[in-house]
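Engineer: Sequence first, predicted model second:
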Amino acid sequence: MRSIITFVAVLSLCVGATALAQTDSVLVDSAGVTPVQPPPAPVTNLQAVDTDNDHGHSITLTWDLSVDDGKGQNNVLSYQIFRWFPSLMDQVDSLRGERSNARSTMRAFRSDIPRAEHALNELREDPGKLESIRFEVSIPADDSAFVLTTDYAITALQDTIAVMTARLPEIKDGLEPLQIRFEEALAQLPEAHNQYPNDGDWEYLGAVVAGNTSYENSGSKDFTAPDFFPDYTDLYYRVEAVSADTTLRSEAILVGPVHSSGQWFHTGKIPVLIFVLVFFVLTVLFVQVAKKGKELYVRPLAGIEAVDDAIGRATEMGRPILYVLGLGSADMVATIASFTILGRVAKKVAEYQTPIIVPCYDPIVMAVAQEVVKSSYLDAGRPDDYDEDAVHFVTNLQFAYVAAVNGTMLRELPATNIYMGKFFAESLLLAETGALAGSIQIAGTDEIAQIPFFIVACDYTLIGEELYAASAYLGREPILLGSLKAQDWAKAAIVIIAIVGMLTTAFGWPGFAEAFHVSG
Amino acid sequence: MKQQFPRLLVLVFGAFLLFQFFMPHEKSEWLYEYLLDWIIIIGIFALAIGIWSLIRVHVDKIKNKKIGWQYSYVTLAGLVGFIVFGFTIRNGAEWGWYFPFVLSVVGMFLMIIQAMASRAKVAMFAGLAGVFALTALLIGIFDKAFSFHFATSEGLQAYMFVHSFDFILIPIFATMFSLLAFFIASAAYRAFRARSIMATLLLLSAIIVMLRFNPYLEPVFGSYISQTSSWLMNVPNLAAQRAIVMGVGLGIVATGLKVILGIERKYMG
Amino acid sequence: MKRTSLIVFAVVCLIFVLSWVLKAGTIDGDNAIQDAFLVTLASFLTLAIMSFMYKDNAYYKFAEHLFVGVSAAYWMCVGFWSTIVGNLVPRLSEGLSEAFGVPYLGGELDFGFLTLPYPLLYFIPIILGAFLLFRLVPKVGWLSRWPLAFIVGTFAGLNLVRYLRSDFMSQISSTFVPLLVDWHGFGHFFANFSLAADGQFVAMFSNLVIFLGVVCGLIYFFFSKEHTGLFGKASRVGIWILMITFGASFGYTVMGRISLLVGRLTFLFKDWLGIIS
């Protein structure tokens, strides 16, 4: 939002400046003498409030335009905003600067000392290495005829090391008192602001072009950052309307004290909250309905029904099944859905005693997949058949993973390849290699750009949401089916909203569409 | 404890992150940032588990002489060699005994693996591992030009680390990626053979979009192909993407709620 | 190994050495030998991977296995130096920070009623991470579910709402397209009828397609209602539009992929063989 405001401000500043440049030439009369102008009128109704729906550290100023802005004398070019800073603020800034300098010097010395020592040792052993040492020797800047010799370099290096070694503990010891002074000064900031208008000064913050009626003054929440903005502190602002001649400015209008603080609830996100709540209620409702034993219809999905056949085929052929969970991390919904399908596949596989290979890209996904497969074997009553290495980590570099999985496909010759989860550019490499190797392939992903490749190279493909729905199909558990029903109701609601929205837009009533706007 | 506590963790953290979205306050922001940091740190531990699994699988391959077991040595040597590059740094301009050092470390590791995987001659391989270890140690002590900089963040700037990345990882990565050009050709061929309405629609729109910049068709069709292709990208494509995104969005919300409420817990085994 | 394979192997080795020597002659600088080796190695690895297009072979297997080992090591090194040393150590202990040469970032998180120092805050992920390692010990392996639960739970809450804001809500409101564009009655419409891409008819038709596309697409994704009758027809239109989209996306990607291949061939002919400049 702020960037938009800035952009608009800059843009209008340019436009305003051009317009004023033209007006200027009109104001100059034929004799070439500029008539004396009265200053523009000040802004009215200046208000300063804490910026809403943010984490604090920001104040928004609003005002009504000066009567000379765009009308009247029409001589307002911009509004300049000032804030009152206690002199303690300068002290805080300088302590902060000292502190960060000390830290970076310490860091630099720590890495420079061993490097300089190493260079020194090298030079002592072999003076011929002067050109190749990896440490810059300081040379006199004012002497253009200076030639660097090994002896000079050795002396210079020794001096540099001595200086750095001597200063390092000094800086280190000085850091803690510095930190304490800095924090003490920070703690006194609210008190210092209370002393307004004593012991402080106005500082220029920025300007907005004529025609604008608001300004946001914000800074960092991090007190170690140079633009730190204190919360819960009395702040005072001043706004002046300024004409092209910057000495010609309106009377300053003051506002304050005002505090900034963070909010605990973002009112701009209410549509999202409503949606989540409605969805939550729908889910719970349908889960209850399903639990009561009401039969819920679920449309058949070819890709899911093919899974059982594919496992049977692998068993007949005596070949393994390859299950690829994709490149997603364990928290992605596609991966979570894939775990559920893997659980079902692993259970069948355990029953049929067919080997399964699950090469993993992400170690956490691997850990979860191991749990899933292990418990499926347990459910199938064959915990002893579970092979620890069936689910294994390969590597988490995209194409290294693909190279390895492709190799597995060609060497282990799995009867069925199942790809479920998040896939990126590797989807086609995997699916094509599998197709060339003659395996039956079933895929499912929510990554829109990769779906076409799977459709072309695989026998069955689950598109987008179908992948998520698959977990409910396989489990046939009422609670999972219930949530599927809730999803369908939400979709129906969207269709209705889309129709209503389209109609309201057609009749020129934008209020409905705006209700779906989420800010922040 | 075994079942209930993880569910409680999911509920507490899931619900917190859900509500955190509506709380712009800086306290909630800080907590959010810490939680993300935590996940990254846990991820590193997970990587250790992953590396262990990788080693296990390859040792097992060597042990049972599975298909392609010889190549497992390549993987393990690459793994150890590259870790050595990442954790040591040569400061001098000359290499001295750096490469013999790296080779001894790799040799030591491979001998340990061999000792683990062998059914006979275990003592011999263990002894060889000892010899390599000793060699590495001696080089470390006596090769003055070589120094360990284990404990500095300079590890990642080491010459061999950076160059191995540029000349081993990047070329293979880029070549695998470029193989897509061949694969997409064979995929297109596969699409050509398909005989259903769906496949025909897919193929037709693919052809129109593929031919959009073809200069040879310009005299025949004028700008119709490029205009149709941009219409396809801007209109039906937009509509379908929107439908998928909305469906996926609902799926994400539903799955998120199911996970937080503990309805979906397959991921915990 | 068969005899022919041995001969091929010997020839490959010979070409490798020859290329190394010749390349070293063309490079200036201290590291000419290493650099020549690396460029030659990179080229041979490129060729080895490309040979997969012919069939799976020993050279591909070598490159593949090397790739796996090296990439896993790469992530481990990066993870250690940037996350553990760069991110964790500075917040954990002053002594460790000094040992690793990184600035200590001590501090605390103040809740008003509770103050948590950083080291305490950052010990939690270490403990959770350590629990993950317990997987390797069967007796306490169940503890590894805790970090998994933590990660999945955190992200479930995170994804749920953030996805809604960024994609979902905005997609709904942008579907509210006007079906009548620049409408001045039927007379005006037919009088100015044209099939031009920027004409009134195409604009209205496009909006209609967008609207119907979204609605039919959503209907295709209905799972709990039988796809029969009017509903089934709409769902059918939905899958057609999806297919057209997938085709367009497929065609769009083809060109990009071919340029990647060109990039690789440029490396072989320019950086290694020096045939093109």
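Structural biologist: Received it, and whenever you're ready, just let me know what you need. Numbering: from 1, shown residues only, chains lettered A, B, ... in the order given.

Engineer: so where's chain B shaky on pLDDT?
Structural biologist: Low-confidence segments of chain B (pLDDT under 70): B:1, B:90-95, B:144-156, B:194-195, B:213-215, B:217-218, B:222, B:269.

Engineer: Give me the most central residue, it.
Structural biologist: If you average the C-alpha coordinates of chain B and look for the closest C-alpha using CA atoms, centre = their mean, you land on residue B:47, 10.5 Å from that point.

Engineer: can you tell me which residues contact that one?
Structural biologist: For residue B:47, the set of contacting residues under the criterion of CB atoms under 8 Å, 6 or more residues apart in numbering or on different chains consists of A:363, A:396, C:75-76, C:79. Placement of C-beta: from N, CA and C, glycine included.

Engineer: Most neighbours among those, which one?
Structural biologist: Across the contacts of residue B:47, neighbour numbers were computed from other CB atoms under 10 Å in any protein chain shown; residue A:363 holds the maximum, 28 neighbours.

Engineer: and the closest residue to that residue other than its chain neighbours, what element?
Structural biologist: If the residues on either side of it in the chain are set aside, residue A:363 comes closest to residue B:50, at 3.2 Å by CB to CB, 6 or more residues apart in numbering or on different chains. For residue B:50, the host element (DSSP states H and E) is helix B:26-63.

Engineer: Return the set of buried residues in that helix.
Structural biologist: B:26-32, B:34-35, B:37-39, B:41-51, B:53-63 (16 or more other CB atoms under 10 Å in any protein chain shown).

Engineer: Could you do stretch A:187-201 as well?
Structural biologist: Taking 16+ other CB under 10 Å as the basis for neighbour counts, the residues of stretch A:187-201 that come out buried are A:189, A:192-193, A:196, A:200.

Engineer: Check the secondary structure at the closest residue to chain C within chain A for me.
Structural biologist: Of all residues in chain A, the one sitting closest to chain C is residue A:331 (2.9 Å; CB to the nearest CB). The local conformation at residue A:331, judged by DSSP: H, G, I helix; E, B strand; the rest coil, is coil.

Engineer: Lowest-confidence member of the buried residues of stretch A:187-201, which is it?
Structural biologist: Per-residue confidence over those reaches its minimum at residue A:196, where pLDDT is 83.

Engineer: how does the chain divide into domains?
Structural biologist: Let's take chain A. If the domains of chain A are taken from automatic domain parsing, they occupy A:2-84+A:204-258, A:91-190, A:269-294+A:482-514, A:302-476, with pieces of a single domain joined by a plus sign.

Engineer: that's the other chain; I wanted chain B
Structural biologist: With automatic domain parsing as the reference, chain B has domains B:1-67, B:69-178, B:181-268.

Engineer: If you count contacts, what does the strand or helix carrying residue A:163 end up packed against?
Structural biologist: Element membership for residue A:163, per DSSP H and E: helix A:150-187. Contacting helix A:150-187 under the criterion 3 or more CB pairs under 8 Å, 6 or more residues apart in numbering or on different chains; DSSP states H and E are the following elements: helix A:88-125.

Engineer: gap between the helix it packs on and the chain center?
Structural biologist: On the basis of CA atoms, centre = their mean, to the nearest Å, helix A:88-125 is displaced by 32 Å from the centre of the chain it belongs to.

Engineer: Please apply the same query to stretch B:58-66.
Structural biologist: Taking CA atoms, centre = their mean, one finds stretch B:58-66 lying 23 Å from the centre of the chain it belongs to.
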